[in-house]
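J.: Using only what follows, build the 3D model:
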Amino acid sequence: MNKRGGMTDIFILMIMAFAIVLICVIFIYIGGRANTEIHAQIDGMMFGEANGTEIVDNSIGVVNETYQALYWISWFLIVGMIISIFIGSFLVTTKPVFFIPYIFITIIAVIVSVGISNGYEMVRDDPTLASTFTGMWGANFIMAQLPIWITIVSIVGGIIMFARMGSRENQIYGSYG
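T.: Predicted structure coming up:
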């Protein structure tokens, strides 16, 4: 109620997208590494009638297979945040005076997104995690082109937000609240 602007949502998108992708990559990397190390230690051992390889495959192996879903889940979370920015822009009531600050915030967001995108590229090119990042095709595409995405999302969100200023709905129902 009485929300007057969604101008900071674009910064939340940048920070959360970077954090989500990084956390997903770390989970996938650790899952694969743990699976490999446990297999190296336990393969060939017998625990009663159970084979060590089967035990590892049925426990940490299943967890590692589940982590593989993070490749596409991370991408869907970022796209979901973009859609939520558009929905939030539609639901926000704003005044024309906020157009100028919105332009400045958009410019600052694009400048900040360049640094985040470059930082992401540095982390992605690290030899330790490079193989894990290769499967993150959707997230890699968005994060590599983050300044373009931020510009487009900001402009479309601004159009949605400021185009609603003079809508008939505000004229009819706005005077009663």
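J.: CA atoms for contacts and neighbours, from now on please.
T.: Will do.
J.: Pull out the buried positions in the lengthiest helix in the chain.
T.: Longest helix of the chain, by residue count under DSSP state H: helix 9-42. By neighbour count with 16 or more other C-alpha atoms under 10 Å, helix 9-42 contains the buried residues 9-11, 13-14, 17-18, 20-22, 24-25, 27-29, 31-32, 35, 38-39, 42.
J.: for stretch 134-152, same thing?
T.: Across stretch 134-152, burial judged by 16+ other C-alpha under 10 Å covers Met136, Gly138, Ala139, Asn140, Ile142, Met143, Ala144, Leu146, Pro147, Trp149, Ile150, Thr151.
J.: quick one: the third one and Leu70 touch, right?
T.: No: in this structure, Ala139 is not within contact of Leu70 by C-alpha atoms under 8 Å, at 10.5 Å.
J.: which residue ranges form the helices in this protein?
T.: Using DSSP H, helices in the chain cover 9-42, 52-58, 60-67, 70-91, 99-124, 130-133, 137-144, 146-163, 168-173.
J.: Out of the buried residues of stretch 134-152, flag the one nearest to Leu77.
T.: Among these, Ala139 lies closest to Leu77 (C-alpha to C-alpha), at 9.5 Å.
J.: Identify the residue spatially nearest to the closest one, adjacent ones excluded.
T.: Nearest residue to Ala139, sequence neighbours excluded (C-alpha to C-alpha, 6 or more residues apart in numbering): Trp75, at 5.1 Å.
J.: show me what contacts that neighbour?
T.: Contact analysis of Trp75 by C-alpha atoms under 8 Å, 6 or more residues apart in numbering lists Met136, Gly138, Ala139.
J.: returning to that earlier point: could I get the helices of the chain in TSV, plus columns for mean pLDDT?
T.: Converted to TSV, the helices of the chain look like this (pLDDT from 0 to 100):
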stretch	mean pLDDT
helix 9-42	91
helix 52-58	83
helix 60-67	87
helix 70-91	92
helix 99-124	94
helix 130-133	91
helix 137-144	93
helix 146-163	92
helix 168-173	54
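J.: Run a quick neighbour tally on the nearest residue to Met46 once chain neighbours are set aside.
T.: Nearest residue to Met46, sequence neighbours excluded (C-alpha to C-alpha, 6+ apart): Gly52, at 5.6 Å. Residues near Gly52, counting by other C-alpha atoms under 10 Å, number 19.
J.: Roughly how far does Gly52 sit from Ile111?
T.: 53 Å (C-alpha to C-alpha, to the nearest Å).
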